[in-house]
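[1] what would the 3D arrangement of this be:
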Amino acid sequence: MAMNWLPLTEYSSKYKVSISTLRRRIKAEDIKFQFRDGRYLIFDQPDIEQQHRPSQTMSPSPKKPATPFSGMAVTEMTLQKPKDEPILTAANRLLTELKRAYAQILQEKEEQILNLKEEVSDLKTLVRVLEAENLKLSQRK
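    Numbering: from 1, shown residues only. Next up, the predicted model:
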């Protein structure tokens, strides 16, 4: 039997369960899940009818205490670590590239601001000269 793992959104749509409920169940380890490539995947059990609304039943289901990770989850996450390293390397490379691009844009904007300040100063000087000239012309009349 092939194992079907669904992302949270697909599982949520298929079984009409909110994503926050699924996250709570993952945290409480009430459902079978994996953490792969930065995403949670939930095991899809098509032949087993899953009870998604326990509040609508008569008997409450016993909850096991919440622990950070079960042995299975730790093993799966440990196995995923080597796969994540190239992703992290690529992400770091992209982050460095973005920082460089933003630094360049920031430098260009600072130069543009300096040029605009010089232009404003020149225009203020021109206004003073023209106002003085206007005053002289109006006094001659």
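
[2] measure Ser138 to Ala132 for me?
    Ser138 is 11 Å from Ala132, where distance means Cβ to Cβ, to the nearest Å. Heads up, the C-betas are built off the backbone N, CA and C, glycines and all.

[3] swap in Ile31?
    Distance from Ile31 to Ala132, by Cβ to Cβ: 82 Å.

[4] which residues touch the residue nearest the centre of the chain?
    Residue closest to the average C-alpha location in the chain (Cα atoms, centre = their mean): Gly38, at 11.3 Å. Residues near Gly38 by Cβ atoms under 8 Å, 6 or more residues apart in numbering: Asp84, Ile87.

[5] what's the answer for Phe33, then?
    Ile26, Tyr40, Leu41, Ile42, Phe43, Ala73.

[6] how does it look with 7 Å?
    Applying Cβ atoms under 7 Å, 6 or more residues apart in numbering to Phe33 gives the contacts Ile26, Tyr40, Leu41, Ile42, Phe43.

[7] tell me which entries of those lie within helices.
    Ile26 (DSSP state H).

[8] give me the subset of the contacts of Phe33 lying in strands.
    Secondary structure from DSSP state E places Tyr40, Leu41, Ile42, Phe43 of the contacts of Phe33 in strands.

[9] please name the bridge partners of the nearest residue to the second one once chain neighbours are set aside.
    Right, the one you point to is Leu41. Spatially, and ignoring its direct neighbours in sequence, Leu41 is nearest to Trp5 (3.8 Å; Cβ to Cβ, 6 or more residues apart in numbering). Trp5 has these beta-bridge partners by DSSP bridges: Phe43.
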